[in-house]
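[1] sequence plus predicted model, see below.
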Amino acid sequence: MMKQYNEIKRQHPDAVLLFRVGDFYETFSDDAITASEILGITLTRRANGAAQFVELAGFPHHALDTYLPKLVRAGKRVAICDQLEDPKLAKTIVKRGITELVTPGVSINDNVLVHKENNFLAALYSTDGKLFGISFLDISTGEFLTTEGNRDETDKLLSSFSPKEILIERGSKRKFGENFGQDYLFYELDDWIFTDDASRERLLAHFKTKNLKGFGVQHLTLGIVASGAILHYLDITQHTQISHITSLRQIDDSRYVKLDKFTVRSLELITPMNEGGKSLLNILDKTISPMGSRMLRRWMVFPLKDVRSIDERLDVVENFFRETELKRLLEEKLSLIGDLERIISKAAVGRISPREVVQLKVALMAIEPIREAFLSSDNAVIRGMGEKLDPCSAIRDRIEREIVPDPPVQLNKGGVIRKGVDEQLDELRNIAFSGKDYLLQLQQQKIDETGIPSLKIAFNNVFGYYIEVRNTHKDKVPDTWIRKQTLVNAERYITEELKAYEEKILGAEEKIAIVEATLYNALVESLLEYIPAIQGNAAVIARADCLLSFAKVAGENRYIRPEINDSDAIDIKGGRHPVIEKQLPPDEPYVANDVYLDRDTQQIIIITGPNMAGKSALLRQTALITLMAQIGCFVPAESAKIGLVDKIFTRVGASDNISLGESTFMVEMNEAAYIINNITERSLVLFDELGRGTSTYDGISIAWSIVEYIHEHPRAKAKTLFATHYHELNEMEKSFKRIKNYNVAVKEVDNKVIFLRKLVPGGSEHSFGIHVAKMAGMPQSITKRSEAILQQMEAANRRQGINKPIKDIVENREGYQLSFFQLDDPVLSQVRDEILNLDVNNLTPLEALNKLNEIKKIVKGKQ
Ligand SMILES: Nc1ncnc2c1ncn2[C@@H]1O[C@H](COP(=O)(O)OP(=O)(O)OP(=O)(O)O)[C@@H](O)[C@H]1O
């Protein structure tokens, strides 16, 4: 057996091998050590040949569902090796083979999956390290996606989809690790898999198409390689029944607001930064079905950029919000639907349990009234959703006809198929049932015959039905009975008559199991043709669930419908922070604030104010309200007019890349550089205390020049909120027309600071940092000393006149781009004159090229 084990183990050296031996799954050597550590099961050592020992740890086979998820969640790949023939029939050693390879990225096991989250497997491919092909598959839902993008775009996708496992080419782990961080579980596959031919062929074979044009991904060469690798991996892991993967979709990034992963993290969209905190998702997620929940997560990181699609969502939310009857009906029916998407995937992979088939019927039954209600809505979008719902009545009715309403979880327990479905089955059941009845009669008859009142007829696996007689009555047993077993207090016998009936009953039971399985499998088989329709239903239901969730949240939290337009202004009146407002004590209401930003009058707001005043909250709430509006959700404000934004950037607080060997300041500058290089005039940018990771003067200088850049650069005029403790930056307002100063007001009463939390025009002078230090319980000796030092420093500053250098900075700025022509440089002015004197309308293309060459020579001469 160990020889057989070693052979199988050799094929899967990197997986924990669960080796079926009798009623147990056993693990050996290193696998046993790993399994015992992760599962907390006993590790034993057993002799293995002369003077050798092997470690051993195992668990009963029926506990697989408990132990398997633990191994997978710990990031292990698990190969399940089963007995492929009946041990009783095997002449030598039982034939064994791998029946499934479960890995963190490929799982359909309910205990491994998290209901509210997708479980993606990804594959990455790149030839030059600049452009990456990426593909995602959730085998539990059948969703299969691909695209191509640069490093940053790919990084964002990875953080949005959080794949549990990433497939890459052999030998490229380090390269990908450096690009995307070591937190992912990379798995290397052979190089031949990552080739265009192999991948295309595999995809075409799966989809049974001649090319990939129908999916609109034909042009994504790298994406196709990655997608093909995913299907190859399913082959390797023995996942061959995958008819629920019905299409390969391109992730069309251009349709969505770009949010980099720092922004997703620092705005706490999906996960809170601190344990015990709340994310925006926690507040907005009132979805009822797991599908709705998964879709909402996706929506949160992919806000829309197109007025019509957003308005469509908002229209539905408003409708659900108003139509309380429809809302009530939806709530009731959605709760019956369960995880339709995953259930139908299970049907495809041949793992659907009888109970899940019934759940599918219940879900399809619940879809009918939703469809009717949607179809009679006066809103066209909702009617459209109704049209897309298909109650699949034929299969629904067939399930109802054939499967009992409350079947066991496992098929082999029997009692799944209804009476009246199959004549043979009914007959067999009669035999089995009356046979058992007969045994009871027989028992009574024997009691009467022998006068042994405690005589019992029972069954065990070793010798079938038997009669048990306690020792006290042993002598009354007739000679014709055959003794089979002697216990301490009793004897067990069999009789000819008993054996004959046993055969009849057991034969019937075995046949029942076979007939039930055949009927059940035929039903599951016929489910397969409904996969696309049911997946379509799942998508509509998920969408309805998300929009209903928005309507509920809007009602509970007094949100209003935002107005979305193509203008360049963000105009929020009475805006609130959706998460913080829910966490404040009841006697401390959240103070609402107005924020206005546009391209021409108020592009950049510098917000100063003491520590703890509420600057960060204000920054974030502006981004959150904008984002919520663009995912089609109502927003916490009195009114909100949102000119669509194309990207949201945040540079907020310190990040935690320290583990990657970068200093806090380095991380801050990396992120800031990334923002500067990627903003457009439609972007929204939040800078919270930029530059604080270095010396004050360094910090001010960098902050100043970045703000100046955003103000001046023609392509970078992004709407910007800049919270800072550097009051010096307030000077900028005087010289830059679209920069405005605001501060979050406080009141000082009797040496105490009262936070008013109101955003008011104008700069502010103090930071009250020492006050906050006092609030935090810093020893008095320290705060007193700080006050003294502060006074000295401020006095010194006043003497030297801080305003002098600031004045110089303002006057000596060169600006960006335009400055080219303002310089007195003789060469540059010659270039300017050359250009100005050109008569562009009468220039032939050749003359234009020659002119360009001349200008180049002038500039070269300068160098
Ligand atoms: N508008 C508001 N209404 C009520 N409470 C608020 C408001 N804004 C902020 N707060 C509360 O004040 C706390 C501090 O706010 P925030 O972190 O925004 O201050 P800050 O000005 O950025 O401080 P620092 O400069 O120290 O970073 C928040 O955690 C929140 O509890």
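    Great, that's in hand.

[2] please make it C-alpha for all contacts and neighbour counts, starting now.
    OK.

[3] what bits of the protein have low per-residue confidence?
    Low-confidence segments of the chain, defined by pLDDT under 70: 49-51, 89, 653-663, 693-694, 751, 766-768, 797-826, 862-863.

[4] domain-wise, how is it divided?
    The record's domain split for the chain, according to automatic domain parsing, is 2-102, 121-255, 423-514, 563-766, 820-862.

[5] any chance you could map the strands in the stretch 501-650 of the chain?
    Listed in chain order, the strands of the stretch 501-650 of the chain (DSSP state E, counting those that start in this stretch) span 563-565, 570-575, 593-597, 604-608, 639-643, 647-652.

[6] deepest of those strands, which one?
    strand 604-608 (a mean of 28; mean count of other Cα atoms under 10 Å).

[7] rewinding a little: closest to the ligand out of the domains of the chain?
    Closest to the ligand of those, according to Cα to the nearest ligand atom: domain 563-766, at 3.1 Å.

[8] near the ligand, anything from the closest one?
    Yes. Residues of domain 563-766 are located near the ligand by Cα under 6 Å from any ligand atom, namely Tyr590, Val591, Ala592, Pro610, Asn611, Met612, Ala613, Gly614, Lys615, Ser616, Ala617, Arg757.

[9] distance between stretch 225-232 and the chain's centre?
    Mean-position distance between stretch 225-232 and its chain equals 21 Å (Cα atoms, centre = their mean, to the nearest Å).

[10] quick one: the strands in the stretch 701-850 of the chain, in order.
    719-723, 739-749, 752-761.

[11] with distance to Pro163 and mean neighbour count added, can I get the ones you listed in a markdown table?
    Converted to a markdown table, those look like this (distance: least, Cα to Cα, whole Å; neighbours: other Cα atoms under 10 Å):
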| stretch | distance to Pro163 | mean neighbour count |
| --- | --- | --- |
| strand 719-723 | 33 | 27 |
| strand 739-749 | 41 | 19 |
| strand 752-761 | 41 | 16 |
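
[12] got JSON lines for those, with distance to Ala74 too?
    What follows is the strands of the stretch 701-850 of the chain, written out as JSON lines (distance: least, Cα to Cα, whole Å):
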{"stretch": "strand 719-723", "distance to Ala74": "42"}
{"stretch": "strand 739-749", "distance to Ala74": "47"}
{"stretch": "strand 752-761", "distance to Ala74": "46"}
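
[13] report the buried members of the residues of domain 563-766 next to the ligand.
    Those of those that meet the buried threshold are Tyr590, Ala592, Pro610, Asn611, Ala613, Gly614, Lys615, Ser616, Arg757, by 16 or more other Cα atoms under 10 Å.

[14] which of those residues sits closest to Leu71?
    Ser616 (41.4 Å; Cα to Cα).

[15] now the closest one: closest residue in space, sequence neighbours ignored.
    Asp688 (6.6 Å; Cα to Cα, 6 or more residues apart in numbering).

[16] next up, phi/psi of that neighbour, please.
    phi -110, psi 110 (degrees, to the nearest 10).

[17] wait, doesn't it sit right on Ala617?
    No. In this structure Asp688 lies outside contact range of Ala617 using Cα atoms under 8 Å: 10.2 Å.

[18] contact residues of this structure facing the ligand?
    Residues of the chain lying near the ligand by Cα under 6 Å from any ligand atom: Tyr590, Val591, Ala592, Pro610, Asn611, Met612, Ala613, Gly614, Lys615, Ser616, Ala617, Arg757.

[19] so which of those are in helices?
    Lys615, Ser616, Ala617 (DSSP state H).

[20] which residues touch the first one?
    Counting by Cα atoms under 8 Å, 6 or more residues apart in numbering, Lys615 makes contact with Ile607, Thr608, Gly609, Ala723, Val744.

[21] most widely separated two among these?
    Ala723 and Val744 (10.0 Å).

[22] pull the residues that contact whichever helix or strand Phe136 is part of.
    Element membership for Phe136, per DSSP states H and E: strand 132-138. Strand 132-138 is contacted from outside by 105-106, 118-126, 143-151, 154, 163, 220-227, 230, using Cα under 8 Å, 6+ apart.
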